[in-house]
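Novice: all I have is the shape, not the residue letters:
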């Protein structure tokens, strides 16, 4: 158990809908990262937050947004969902803004 | 921009045989290097990391990796593979300053034959 908690584990939703994925980092970790894992794209970095502020952005679609709250948990919002958004979404956390990151079990999103 | 290459998509090893998974990285400054393992339906578990110092690092589950700066490589090894090692292995590179994401390779799927 990495100490990073993601909910829900599985999510099935229809195209055009909006979903929210939640992540609780390890105790004491200030940085949260979101990654998308799909068969064709591999592990893609989406966005990083550190102590509530956005610090790095990857190939995150405009339909996607994230935030980190004062208690350091983070949410990834995915809207106007398309079939191609079906993937495993991982949250990871680290103590600092860089270095080793600990991953949650992921949320498997299926868009139908 | 940083990148990681894992040239082997699949590798099959007999149980009890030795294993080496290849990883080459590109990074303009001092790299932090990692190996993660992902079992089916699971998250990524950190196997080992290299930050500085001794270029041979030991990790969990009997794995080790050697950093070779001249070859930009960070290959993962295990002297004797167990059936439970079958999984996907990811090499990753990150930086040591500022706000740095980890960049992952495409992974190597390890199959263990009896």
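Specialist: Done, it's in. Small disclaimer: the values here were computed from a predicted structure and weren't measured.

Novice: and the residue nearest the centre of chain B?
Specialist: Central residue of chain B (Cα atoms, centre = their mean): residue B:35, 3.3 Å from the mean position.

Novice: tell me if the helix or strand harbouring it is near chain A.
Specialist: Element membership for residue B:35 (DSSP states H and E) is strand B:32-38. Yes: counting by Cβ under 8 Å from any Cβ of the partner chain, chain A is contacted by strand B:32-38 at B:32, B:34, B:36. (C-beta placed from N, C-alpha, C; glycine too.)

Novice: so the last one makes contact with residue B:48?
Specialist: When you say that, I think you mean residue B:36. No: using Cβ atoms under 8 Å, residue B:36 is not in contact with residue B:48; the gap is 9.3 Å.

Novice: who's more crowded, those two?
Specialist: Each of residue B:36 and residue B:48 has its neighbours counted (other Cβ atoms under 10 Å in any protein chain shown); residue B:36 has more, 26 against 19.

Novice: which residue is the nearest non-sequential neighbour of the more buried one?
Specialist: residue B:44 (4.1 Å; Cβ to Cβ, 6 or more residues apart in numbering or on different chains).

Novice: number of nearby residues for the one you found?
Specialist: 30.

Novice: for residue A:81, see how far away it is.
Specialist: Distance check for residue B:44 against residue A:81: by Cβ to Cβ, to the nearest Å, it reads 24 Å.

Novice: near chain B, which residues of chain A?
Specialist: A:2, A:4, A:31, A:33, A:42-43, A:45, A:48, A:50, A:55-56, A:58, A:90, A:92, A:97-106.

Novice: among those, name the buried ones.
Specialist: A:2, A:4, A:31, A:33, A:43, A:45, A:48, A:50, A:55-56, A:90, A:92, A:97-106 (16 or more other Cβ atoms under 10 Å in any protein chain shown).

Novice: which residue is the nearest non-sequential neighbour of residue 97?
Specialist: Just going to use chain A. In space, and not counting its chain neighbours, residue A:97 is closest to residue B:99: 3.9 Å by Cβ to Cβ, 6+ apart.

Novice: wrong one, chain B
Specialist: Excluding the flanking residues, the one nearest residue B:97 by Cβ to Cβ, 6+ apart is residue A:98, at 6.8 Å.

Novice: interface residues of chain B facing chain A?
Specialist: Close to chain A, as judged by Cβ under 8 Å from any Cβ, chain B has residues B:32, B:34, B:36, B:42-46, B:49, B:51, B:90, B:94-107.

Novice: of the residues you listed, buried ones?
Specialist: Burial by neighbour count, judged by 16+ other Cβ under 10 Å, picks out B:32, B:34, B:36, B:43-46, B:49, B:90, B:94-95, B:99-107 from the residues of chain B next to chain A.
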